[in-house]
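Participant: Okay, here's the prediction I keep looking at, along with the sequence it came from:
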Amino acid sequence: MRRRVLFSALAIASVFAAHQASAARIVVTITGLKSNEGGVYVGLYATPSKFLNGTQVDAMKKVAASTAPITIVFDNLAPGTYAVGAFHDENNNNQLDRNFLGLPTEGYALSNGVRAVTSKPTFQQAAFTVGNAGAAVSLQIRY
């Protein structure tokens, strides 16, 4: 009986350790904020249909705004293809403000430095691959 319990515990521990070993991490560093006012929303996208589609994201974090570099970490991710976006909600109204043409009036950044020029950026333009070792992404907020 003791051996069976010990064997079961070791089997569960090895499965858990294997799962942890395949979990990836994305470290996002954000710079370029023009003020410490409001907050910064950072969205993680793994699903192309959710990318820049309203409030749909695969994971979201909000932190206080800072003119110093900001670091956000997304842990326990499966290796795959992701995109990241962030915006400076300077007036703290919990949304990215836009003008009458639909273009952002608050600072924002997307992975790969993608910007909205004549149309909304696509997931493929902002996508990057994350392996078992994880990935580091730098976002420069521009207004």
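Facilitator: Received it, and whenever you're ready, just let me know what you need.
Participant: so where's this protein shaky on pLDDT?
Facilitator: 1-22 (pLDDT under 70).
Participant: Show me what the residue nearest in space to the middle of it is bridged to.
Facilitator: Residue closest to the average C-alpha location in the chain (C-alpha atoms, centre = their mean): L44, at 3.1 Å. Counting by DSSP bridges, L44 is bridged to A59, V84.
Participant: and it, how far is that from Q56?
Facilitator: 12 Å (C-beta to C-beta, to the nearest Å). From N, CA and C alone the C-beta is placed, and that goes for glycine too.
Participant: end to end, how far does stretch 76-83 reach?
Facilitator: End-to-end distance for stretch 76-83: 16 Å, by C-alpha to C-alpha, to the nearest Å.
Participant: Quick one: neighbours of Y143, just the number.
Facilitator: For Y143, the count of nearby residues is 12 (other C-beta atoms under 10 Å).
Participant: can you pull the contacts of the nearest residue in space to it that is not next to it in sequence?
Facilitator: Excluding the flanking residues, the one nearest Y143 by C-beta to C-beta, 6 or more residues apart in numbering is G107, at 4.3 Å. Applying C-beta atoms under 8 Å, 6 or more residues apart in numbering, one finds that G107 lies in contact with 32-34, 87-88, 90, 141-143.
Participant: try 7 Å
Facilitator: Applying C-beta atoms under 7 Å, 6 or more residues apart in numbering, one finds that G107 lies in contact with 33-34, 87-88, 141-143.
Participant: Can you tell me which of these has the most neighbours?
Facilitator: Top of the contacts of G107 by neighbour count (other C-beta under 10 Å): H88, with 26 neighbours.
Participant: partners of that residue in the sheet?
Facilitator: V40.
Participant: can you tell me how far it sits from A135?
Facilitator: H88 is 23 Å from A135, by C-beta to C-beta.
Participant: now the helices for this structure?
Facilitator: 2-22, 123-126 (DSSP state H).
Participant: So what's the residue count around Q95?
Facilitator: Applying other C-beta under 10 Å, I find that Q95 has 12 neighbouring residues.
Participant: what's the answer for F128, then?
Facilitator: So F128, with other C-beta under 10 Å, has 13 neighbours.
Participant: so what's it up against?
Facilitator: 82, 111-112, 135, 137 are the contacts of F128 under C-beta under 7 Å, 6+ apart.
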